[in-house]
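Enquirer: Next come a sequence and a model predicted from it.
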Amino acid sequence: MDMKKPTPQKNLFAAVAPLALLGALLMAGCHWMIFAYAPEERVMGLIQKVFYLHMPLAWWALFSFFLVFVCGIAYLARRTPFWDALAESAAEIGLLMAGLALITGSIWARVSWNTWWTWDPRLSTTLIMWFIYAGYLVVRRLDFTFERRATVSAALGIIAFIDVPLVFFSARLWPQTMHPSVVGRSGGLEGEMLTTLFVCLAAMGVFWVALLLTRYRQALAAQRLDRARLDYLNNEDNF
Amino acid sequence: MSSTPSFLSSALIIGRKDLTLLLGRGTGLAQAFLLGLLIIFIFSLSRGIGETVSAQAAAAIFWVATLFCQVLVFTSLYALEEVNGQRQGLLLAPAPLQSIWLGKGLAGLIMLLLAQLLFLPAVAVFLDQEPQGTLMRGLLCILLTDVGLAAAGSLLGALAQGQAARESLLSIVIFPLLLPLLLAAISTGAEFLGGGVPSGDGENWLRIIMAFDALFLAAGLLLFGFIYNSRE
């Protein structure tokens, strides 16, 4: 048992509070930039400002799911429990952020396209990912032993992520699309808007790391508690 | 001492054993087939008097019926080894672990094809559809889609084994993953039923189906051992 050993993660967790504080300050700064610095979009008007939160949420959600995939491979290769804890934390935060990205996107779509929902490759892929990782988290809550839960969820995390490109390509072949392409193509954002977007992306990133580390610490603590409980139950003197 | 059976022959043995058990008992099979037929019938109620169901809607209903059938088929295939530690017995068999995945996948594929023999006429009757496309091409698309369904169903069906509410568990895990396959199957199905392809051309959708098959066949071979093993 490594319960009493000080872990190198202690140092990592010491960074949670400063990171959370920095994230909060950056987010506040972002809102100033969104409403005071970035100009109002000519055609869409005020509603376009939801985009500065929408896109960072979607990007960090996708990154979280990528992290679940990486943790899955690492767990199956190494079998060290902390990869499992990290995968769980990343999946939860990814699900939260994907959900928020869907809600903000829906609000934006209602105002600018006059519909709450439309078939679009990115929208649909985000929704499908939301469903996939919701299912993943359901599997994580099943009544398995730790070892089985960790291997099954690692395998599922890998399957889920390798499926995503196919979901995207098939959704793109399906008819109807109105979603704007923002970075790297013509008709995108210019100047102050792009700067604001990248600052928001970075701020969301800091917030994401703080959130991830918090959940990760809790997941590790839950693992330790489970092990301690099993040790207690396996010790026959306790009956 | 006899030599260990090869990967493929042990898969065939396992597949035949499962088919014999399921067909012999019949109950699991009847449930899956009846549910699919009921779905097709109930969807026919969405049609108003004198209205026609579009080819795309009919193809979607056909594949939804197949998906529910698939979930029931694969949960009952894995439920065969659920009690009395029979899973340990199957794992002790002198065969590669993946042959269980392949064997159950083959058994499930045959069951799906049998079910679709019923669903196709049901779609023609209840939804008033008449196939217009090339028969061979339509059947090829159905077969290739079923291969993907069987590969994914056999891999993830193992996950739900022994769980309470395993059918609904398998559904929520597998349906979103199957979406690319479903979109492609609906598009090629609509083409077959004469409505033309909703978008893109049929070749691209066929490529999506084959890519999905390849992906899940590879995932099954690589990952099945982590999902189905002696751990409880």
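Expert: Cool, got the structure.

Enquirer: what does chain B put close to chain A?
Expert: Counting by CB under 8 Å from any CB of the partner chain, the positions of chain B adjacent to chain A are B:155-156, B:159, B:163, B:169, B:172-173, B:175-177, B:179-180, B:183-184, B:187, B:198-200, B:204-205, B:208, B:211-212, B:215, B:219, B:223, B:226-227, B:229, B:231-232. In short, each C-beta sits where N, CA and C put it, glycine included.

Enquirer: Below-threshold pLDDT in chain B: ranges please.
Expert: B:1-5, B:195-200, B:232 (pLDDT under 70).

Enquirer: Which residue ranges of it form helices?
Expert: Under the criterion DSSP state H, chain B contains helices at B:7-25, B:27-43, B:55-79, B:86-92, B:98-126, B:135-160, B:166-192, B:202-227.

Enquirer: just checking, what packs against the last one?
Expert: The one in question is helix B:202-227. Under the contact criterion of 3 or more CB pairs under 8 Å, 6 or more residues apart in numbering or on different chains; DSSP states H and E, helix B:202-227 touches helix A:146-173, helix B:98-126, helix B:135-160, helix B:166-192.

Enquirer: Could you dump these into JSON lines with mean neighbour count added?
Expert: Converted to JSON lines, the helices and strands packed on helix B:202-227 look like this (neighbours: other CB atoms under 10 Å in any protein chain shown):
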{"stretch": "helix A:146-173", "mean neighbour count": "21"}
{"stretch": "helix B:98-126", "mean neighbour count": "21"}
{"stretch": "helix B:135-160", "mean neighbour count": "22"}
{"stretch": "helix B:166-192", "mean neighbour count": "23"}
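
Enquirer: want to throw those into a markdown table with distance to A:Gly191?
Expert: Below are the helices and strands packed on helix B:202-227 laid out as a markdown table (distance: least, CB to CB, whole Å):
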| stretch | distance to A:Gly191 |
| --- | --- |
| helix A:146-173 | 30 |
| helix B:98-126 | 55 |
| helix B:135-160 | 47 |
| helix B:166-192 | 38 |
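
Enquirer: So which residue is dead centre in chain A?
Expert: By CA atoms, centre = their mean, chain A has its centre lying nearest to A:Gly94, at 2.1 Å.

Enquirer: Wait, it touches A:Val68, no?
Expert: Yes - using CB atoms under 8 Å, A:Gly94 makes contact with A:Val68 at a distance of 6.8 Å.

Enquirer: can you list residues touching both of these two?
Expert: A:Tyr133 (CB atoms under 8 Å, 6 or more residues apart in numbering or on different chains).

Enquirer: List, one by one, the residues from chain A near chain B.
Expert: A:76, A:128-129, A:131-132, A:134-136, A:138-139, A:142-145, A:147-148, A:151-152, A:154-156, A:158-160, A:162-163, A:166-167, A:169-171, A:173-175.

Enquirer: Leaving out sequence neighbours, find the closest residue to B:Val147.
Expert: B:Asp213 (5.0 Å; CB to CB, 6 or more residues apart in numbering or on different chains).

Enquirer: typo on my end, A:Glu41
Expert: A:Gln48 (3.8 Å).

Enquirer: just B:Tyr228 next, same as before
Expert: B:Ala158 is the one closest to B:Tyr228 (CB to CB, 6+ apart), at 4.0 Å.

Enquirer: what about A:Leu225, distance to A:Arg79?
Expert: With distances taken as CB to CB, to the nearest Å, A:Leu225 is found 20 Å from A:Arg79.

Enquirer: Compare these two (neighbour count), which wins?
Expert: For A:Leu225 versus A:Arg79, the count of surrounding residues by other CB atoms under 10 Å in any protein chain shown is larger for A:Arg79: 13 against 10.

Enquirer: Could you measure from that one over to chain B?
Expert: 11 Å (CB to the nearest CB, to the nearest Å).

Enquirer: on that earlier part again, with B:Phe74 as the reference, name the closest of the helices and strands packed on helix B:202-227.
Expert: Across these, B:Phe74 has its closest neighbour in helix B:135-160 (3.4 Å, CB to CB).

Enquirer: low-scoring stretches of chain A, by residue?
Expert: In chain A, residues with pLDDT under 70: A:1-9, A:176-189, A:238-239.

Enquirer: can we see that at 80?
Expert: Within chain A, the segments meeting pLDDT under 80 span A:1-12, A:39-46, A:112-113, A:119-120, A:175-191, A:236-239.

Enquirer: What segments of it are helices?
Expert: For chain A, the helices defined by DSSP H cover A:9-14, A:16-32, A:51-78, A:81-113, A:121-140, A:146-173, A:191-234.

Enquirer: right, and the ones you listed - which one's nearest B:Gly15?
Expert: That would be helix A:146-173 among the helices of chain A, by CB to CB, at 22.4 Å.

Enquirer: Settle this for me: A:Lys49 is touching A:Ala38, isn't it.
Expert: Yes - taking contacts as CB under 8 Å, A:Lys49 lies within contact range of A:Ala38: 7.4 Å.

Enquirer: buried set for stretch B:14-32?
Expert: Neighbour counts using 16 or more other CB atoms under 10 Å in any protein chain shown place B:Ile14, B:Gly15, B:Asp18, B:Leu19, B:Leu22, B:Gly28, B:Leu29, B:Ala32 of stretch B:14-32 among the buried residues.

Enquirer: Tell me which residues are up against stretch A:11-29.
Expert: By CB under 8 Å, 6+ apart, stretch A:11-29 touches A:Val199, A:Ala202, A:Ala203, A:Met204, A:Val206, A:Phe207, A:Val209, A:Ala210, A:Leu213, A:Thr214, A:Arg217.

Enquirer: what's around the residue nearest to B:Leu21 when sequence neighbours are not counted, how many residues?
Expert: Spatial nearest neighbour of B:Leu21, excluding adjacent residues (CB to CB, 6+ apart): B:Leu80 at 5.6 Å. Using other CB under 10 Å, B:Leu80 has 19 neighbouring residues.

Enquirer: and B:Leu80, what does it touch?
Expert: Counting by CB under 8 Å, 6+ apart, B:Leu80 has contacts B:Asp18, B:Leu21, B:Leu22, B:Gln86.

Enquirer: I'd like to know which of those is nearest to chain A.
Expert: Nearest to chain A among those, counting by CB to the nearest CB, is B:Gln86 at 17.3 Å.

Enquirer: Next, the contact list for the closest one, please.
Expert: B:Gln86 sits next to B:Leu80 when contact means CB under 8 Å, 6+ apart.

Enquirer: Please tabulate the contacts of B:Leu80 in CSV, including the columns distance to A:Met193.
Expert: Formatted as CSV, these follow (distance: CB to CB, whole Å):
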residue, distance to A:Met193
B:Asp18, 59
B:Leu21, 63
B:Leu22, 60
B:Gln86, 62
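
Enquirer: wait, which of these is closest to A:Trp116?
Expert: Nearest to A:Trp116 among the contacts of B:Leu80, with distances taken as CB to CB, is B:Leu22, at 43.8 Å.

Enquirer: Can you verify my assumption that that closest one contacts B:Leu77?
Expert: Yes - when contacts are counted by CB under 8 Å, B:Leu22 is listed as touching B:Leu77 (7.0 Å).
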